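Peer 1: Please find the sequence and the predicted model below.
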Amino acid sequence: MINIAGNKMDLETILKEFPSGEADKKIVTIMASSNTVYSYSTINELKFEITMRKKIIEASIKLNDSRFSFKVFKKSKCNTHFWKRTDEGGFKINEGVQPFDAINDIFENSSKYGTECATAIVIVICKALIDIFPPAQSNKLLEGIYLMNWSHLNNSLGIDYYRNPSDFFPGDCRYFKNPDVDPEKPEWQGENTIDLGNDTYYGHGIGITSAKVIIRELNKQRIPDSKTTAFLLDAATRPDFKHLADIYSKAH
Amino acid sequence: MPENTSDLNTSNLLDSVRHTDGIDNLKLKFREIVCKNTHEAINLLNNKNLNYSSLFSLRSVVYEFDLHRYLNFRNTCALKITERILAGKPSKTTNVNHVNRENMHSILKWIFDTGCSEDVSDNRHEEIIEVSALLLIKSYRDRTILRKVIDIIFERNRRGAYTYDLIWAAFESSAPDVLVAIAERLLSKNEKDVELAGRLLKFIPSDDRLESLQQSKQKTTWINENFNYLYYTREAMHQCCNPIPFDVSQEAKYICKLVSPDKGDFIEPLSKDEHKLLIHFSALDNTSKKMLADCSAKLKKTNSDNWSSWLNSPLSEQIIYAYKLGGVL
């Protein structure tokens, strides 16, 4: 159910606000038909969330189409003009460099970059953000950014992990877990992905494909004779859309 | 070549040279020994007291003089494992031909035990130690190395080196002892230790308004109070920003029975009465469950007789008592 400023909205009325776009319709339909109440203070708050989810999907496709490579942290690489590669394999923004430019460079000079799947997802979320916010605001939100899996996230993004949510939406980050991974290949312990809708996921290193294929790829990297298959977790990682919408609305 | 076992309690000459004069001088010295007396050189390598780090440092010389043909089983396997890991060849859990599981375990353990504390200043040596640790913990369920693994994690963290795979492996051991070892670092004088320990134990509840020392004490108390009832959830940093790797089995805490940290199952079968207690308990909401479980563990610790009569009283009376004891509903 969707609730705007305390009023229950029916699907038909809401859909009029989103005349085009398959993803928009899909997200709104899931929300409207859910038993969970999705509450927004304004229609613009909902629109912001849907726009950001679409931007996350677009950024995933862009990154997948680029020459950004898969590298384990020990062998990660970056464009040192914008980033400093730390000893643990993360990318810390250089002093004097604007996050807006540094994130865009990952997409423009993608062959100079390589890292693991979790960091790729953080990059995708940052790219979605800078595609929505103007440069000055993006720079403020991503100030001092350090790209290193989920460990050093900027608080301003409000990224959180939701266990057993009632619904999943395109633009969610979903995790495929591989419990019996070969211990010599810890990078295959799971795959962080972006839900692109229609049972397609972007996972860095695997590409854009179905859940079945991702599970099959992970299963190839298990200990010998394992009978425990990889699986998609009932959880999602999301930025704090409402918090970001609030920042966005104050600036516009 | 026979193994020299004459000086089990003394350090190996090769280790001594490496410690005092460094790796380059060790290679020079070893070359000298090979030229003068090959038999002695091989004996030194095959000696039981040799540290893996010396074998690692000398492997180019070993190949140069074709000494690998005379190495004992331990060294032969250790070198094969080393070369395979460094070549990054696809493994099926370090499949070295003709080595059974038991032998592989003892060789990996030798590599780890005698190599983990050695300063070889070589990333490749660190990699071998790391992979050995991952294999020992994940494939051989060896928990004896966990303390050392935690030491390595914090040592690496101090110099900003890569720690994530070892952290993952330490938690994958599913041993709550890992939490105890990490919690000790909350009181370290080194800021980086405290920061990492705080990050790894972030999932343990504590009052954010308190000073860090008080929070550390709360976390340590939580670990001690729940130690027997903790189980590994398999949540890892790879999958999310705020993993909860260990959770408390409130059912186990309520009836004060040990659980397997690996799966959260009861270690011993439950009696009929215990089954009955848990049926009623399972109908409660999470807050009430936690309150009763906390109360039960406290009572059991302070007065076993009182605990027994409390546990056998009606659930409504248990709740009233637990509430009076300071529980929060």
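Peer 2: Okay, I see it. Numbering: from 1, shown residues only, chains lettered A, B, ... in the order given.
Peer 1: Need the per-residue pLDDT for B:Ser216.
Peer 2: On pLDDT, B:Ser216 comes in at 89.
Peer 1: And for the one 4 residues further on?
Peer 2: For B:Thr220, the model assigns a pLDDT of 95.
Peer 1: For the residue positioned nearest the centre of chain B, which residues are in contact?
Peer 2: Nearest residue to the geometric centre of chain B (CA atoms, centre = their mean): B:Leu146, 2.4 Å. Residues in contact with B:Leu146 (CB atoms under 8 Å, 6 or more residues apart in numbering or on different chains) are B:Ile137, B:Ala170, B:Ser173, B:Ala175, B:Asp177, B:Val178, B:Ala181. In short, each C-beta sits where N, CA and C put it, glycine included.
Peer 1: pLDDT value on the residue with the largest distance to the centre of chain B, please?
Peer 2: Here the centre of chain B is the reference, and by CA atoms, centre = their mean the most remote residue is B:Lys36, at 43.6 Å. Reading off the confidence values, B:Lys36 has pLDDT 96.
Peer 1: What is the neighbour count of residue 214?
Peer 2: All of this refers to chain A. Applying other CB atoms under 10 Å in any protein chain shown, we find 23 residues neighbouring A:Ile214.
Peer 1: Sorry, I should have been clearer: chain B.
Peer 2: Counted by other CB under 10 Å, the residues lying close to B:Gln214 total 12.
Peer 1: and it, what helix or strand is that in?
Peer 2: helix B:212-226 (DSSP states H and E).
Peer 1: Point out where chain B drops to low pLDDT.
Peer 2: Across chain B, the ranges flagged by pLDDT under 70 are B:1-10, B:89-98, B:327-329.
Peer 1: cutoff 80 now
Peer 2: Applying pLDDT under 80 to chain B flags residues B:1-11, B:88-99, B:325-329.
Peer 1: which residues in the stretch 51-200 of chain B form helices?
Peer 2: For the stretch 51-200 of chain B, applying DSSP state H, counting those that start in this stretch gives helices covering B:52-64, B:73-87, B:101-115, B:123-138, B:146-158, B:164-172, B:177-184, B:191-200.
Peer 1: So for A:Ile206, which of these sits nearest?
Peer 2: Nearest to A:Ile206, of all the helices of the stretch 51-200 of chain B, is helix B:164-172, at 19.7 Å by CB to CB.
Peer 1: Show me what the closest one is packed up against.
Peer 2: Where contact means 3 or more CB pairs under 8 Å, 6 or more residues apart in numbering or on different chains; DSSP states H and E, helix B:164-172 is packed against helix B:123-138, helix B:146-158.
Peer 1: looking at these, which is buried most?
Peer 2: helix B:123-138 (a mean of 22; mean count of other CB atoms under 10 Å in any protein chain shown).
Peer 1: ok now that helix, how far from the chain's centre?
Peer 2: In terms of CA atoms, centre = their mean, to the nearest Å, the centre of helix B:123-138 is found 12 Å from the chain centre.
Peer 1: One more: stretch A:226-239?
Peer 2: The answer for stretch A:226-239 is 15 Å, by CA atoms, centre = their mean.
Peer 1: Next: stretch A:59-73.
Peer 2: So, by CA atoms, centre = their mean, the centroid of stretch A:59-73 is 13 Å from its chain's centroid.
Peer 1: got the contact list for that stretch?
Peer 2: A:77, A:88-90, A:106-107, A:110-111, A:113-117, A:120, A:123-125, A:127-128, A:131, A:148-149, A:187, A:194, A:196, A:202, A:204-205, A:207-208, B:162, B:164.
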